[in-house]
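>>> Fold the following.
(one chain, ligands or ions: 2)
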Amino acid sequence: MRVLITGGAGYIGTHTMLEVLGAGHEVCVIDNFCNSVPEALERVKALSNRSFAFHKADMRDREALTHHLQDFKPDAVIHFAGLKAVGESVEMPLEYYENNVQGTINLLQAMKAADCTSIVFSSSATVYGNPDFLPITEDHPLRSTNPYGRSKLHIEEMLRDLATANPDFTAAILRYFNPVGAHESGRTGEDPNGIPNNLMPMIAQVAVGRREQVRVFGNDYDTPDGTGVRDYIHVVDLAKAHVAALDWTQSHQGARAFNLGVGQGVSVMEMIDAFAKASGRDIPFRNDPRREGDIAQCYADPSRAEAELGWKAAIDLTGMCETCWRWQSENPLGYNAKP
Ligand code: NAD
Ligand code: UFG
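Ligands and ions are numbered 1, 2, ... in the order given. Sure, this is the predicted structure:
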């Protein structure tokens, strides 16, 4: 299959490229490197031993997208490109709507011009807001509490509208829970700019000595140990789900959402303990107040993805911590530390 991947140089994109190339598909990547570096794609090339097309282009540039899609003629698109920091989205909502929503409109118009009717879209568990029940099924009410989440909801709704308007259109809407971990080679992983917002890269940077301590945001939640509970999923498991979703788009019509999670809740303190064991390092931490906008617990019912995509997460918490530690300890400054 010919697969166009937007945002392929990013964290989930690089790991998905490795799986998609490994499955034998032809790949063309579009990225503007606003949150990634060319070195990430070099490593994908070296690890996969495959070549792929690449165009530096911005999702806000409809003409460029139309040109590249008409040229490559994809059978399907995997759409990662977008901005993803919740706090930043509150500060700069227009940038989020422009990159995420307008960027996706541009992509969907370019797909129409290139006669491509299949898309796999990166949505997020954030579309469930503060959950009414656990584990969260795909039928849980949708809501969002910040511009980032609303941009995901708007895009999901556009995809459902398109599927209603065009019976040939197919969208696999993948709602990721908390992606963590790295490729087993230690050559690709998460490389956030500045101070990490997310727990796992923060723990990894403390373990490697780049930061002093982890701030635990809240130890008075109604959870077994008082700290926040999330459904962490290994990025390689997540990447494999995209290959399954690509196959699904070729034999189905309509827009369908799938939860991608393990289905188990892990607390902040459990994650710190697991990472300390996997790395053999002390992870200093201090208890801080709750972070604004955080919820107590969030974990998936991933049974639809297993029944309909034939996909199930396989890597446990130890594997998530070990691979993240390999990446972090061998690339303490991320991709900037050239081998
Ligand atoms: P990332 O920032 O590492 O990757 C996104 C990539 O898209 C980057 O390479 C960036 O340069 C590129 N990009 C962004 N805006 C662009 C634009 N306007 N034009 C061209 N390229 C652009 O993020 P990620 O963690 O790999 O996430 C990928 C997708 O998954 C995003 O849509 C994100 O919202 C979604 N998601 C991520 C998480 C998570 O925790 N990582 C959770 C749920 C959903
Ligand atoms: N946490 C800390 N200290 C930190 C960072 C996080 O204690 O330095 C805690 C949080 O309070 C939370 C848990 O660790 O309890 C996980 O926090 P993350 O920031 O890693 O992840 P979130 O669940 O808050 O958010 C992630 C993505 C969002 C997405 C959401 C739902 O970052 O973009 O999952 O999919 F919307």
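
>>> In the stretch 201-339 of the chain, mark out all the helices, start to finish.
Assigned by DSSP state H, counting those that start in this stretch, the helices in the stretch 201-339 of the chain fall at 235-251, 268-279, 303-304, 317-330.

>>> For the stretch 51-200 of the chain, which residues are neighbours of ligand 1?
By C-beta under 6 Å from any ligand atom, the residues of the stretch 51-200 of the chain that approach ligand 1 are 58-60, 80-84, 99, 103, 122, 124, 176, 179. All C-beta spots, glycine's among them, are computed from the backbone N, C-alpha and C.

>>> What is the most widely separated pair among those residues?
Farthest-apart pair in those is Arg60 and Pro179; separation 24.9 Å (C-beta to C-beta).

>>> coming back round to it: please tabulate the helices of the stretch 201-339 of the chain in TSV and include mean pLDDT, distance to Ala113 and mean neighbour count as additional columns.
Listed next are these as TSV, based on pLDDT from 0 to 100; distance: least, C-beta to C-beta, whole Å; neighbours: other C-beta atoms under 10 Å:
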stretch	mean pLDDT	distance to Ala113	mean neighbour count
helix 235-251	98	19	22
helix 268-279	98	45	20
helix 303-304	98	32	15
helix 317-330	98	39	21
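
>>> and those helices as JSON lines, adding distance to ligand 1?
Shown next, in JSON lines, are the helices of the stretch 201-339 of the chain (distance: least, C-beta to the nearest ligand atom, whole Å):
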{"stretch": "helix 235-251", "distance to ligand 1": "8"}
{"stretch": "helix 268-279", "distance to ligand 1": "14"}
{"stretch": "helix 303-304", "distance to ligand 1": "17"}
{"stretch": "helix 317-330", "distance to ligand 1": "13"}
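
>>> Indicate the residue of the chain located nearest to ligand 1.
Gly10 (1.9 Å; C-beta to the nearest ligand atom).

>>> Need the per-residue pLDDT for that residue.
At Gly10, the model reports a pLDDT of 98.

>>> got a list of what it touches?
Neighbour list for Gly10: 31, 35-36, 40, 80-81 [criterion: C-beta atoms under 8 Å, 6 or more residues apart in numbering].

>>> His64: which element?
Careful, residue 64 is Ala and not His. helix 62-72 (DSSP states H and E).

>>> ranges for the helices of the stretch 51-200 of the chain?
Using DSSP H, counting those that start in this stretch, helices in the stretch 51-200 of the chain cover 62-72, 86-91, 93-96, 103-113, 147-165, 199-207.

>>> Residue numbers of the chain in contact with ligand 2?
Applying C-beta under 6 Å from any ligand atom, we find that the chain lies next to ligand 2 at 84, 86, 124-126, 177-178, 197-199, 202, 214-217, 228, 230, 268, 291, 294.

>>> what pLDDT does Asn336 get?
With respect to pLDDT, Asn336 has a value of 81.

>>> Leaving out the residues flanking it, which one is nearest to it?
Residue nearest to Asn336 in three dimensions, not counting chain neighbours: Val37, with 7.3 Å by C-beta to C-beta, 6 or more residues apart in numbering.

>>> Near that neighbour, how many residues? Count them for me, please.
The tally of other residues near Val37 (other C-beta atoms under 10 Å) stands at 14.

>>> Pull the contacting residues for the residue of the stretch 151-300 of the chain found nearest ligand 2.
Nearest residue of the stretch 151-300 of the chain to ligand 2: Gly228, at 2.1 Å (C-beta to the nearest ligand atom). Applying C-beta under 8 Å, 6+ apart to Gly228 gives the contacts 217-218, 221, 267-268, 294-297.
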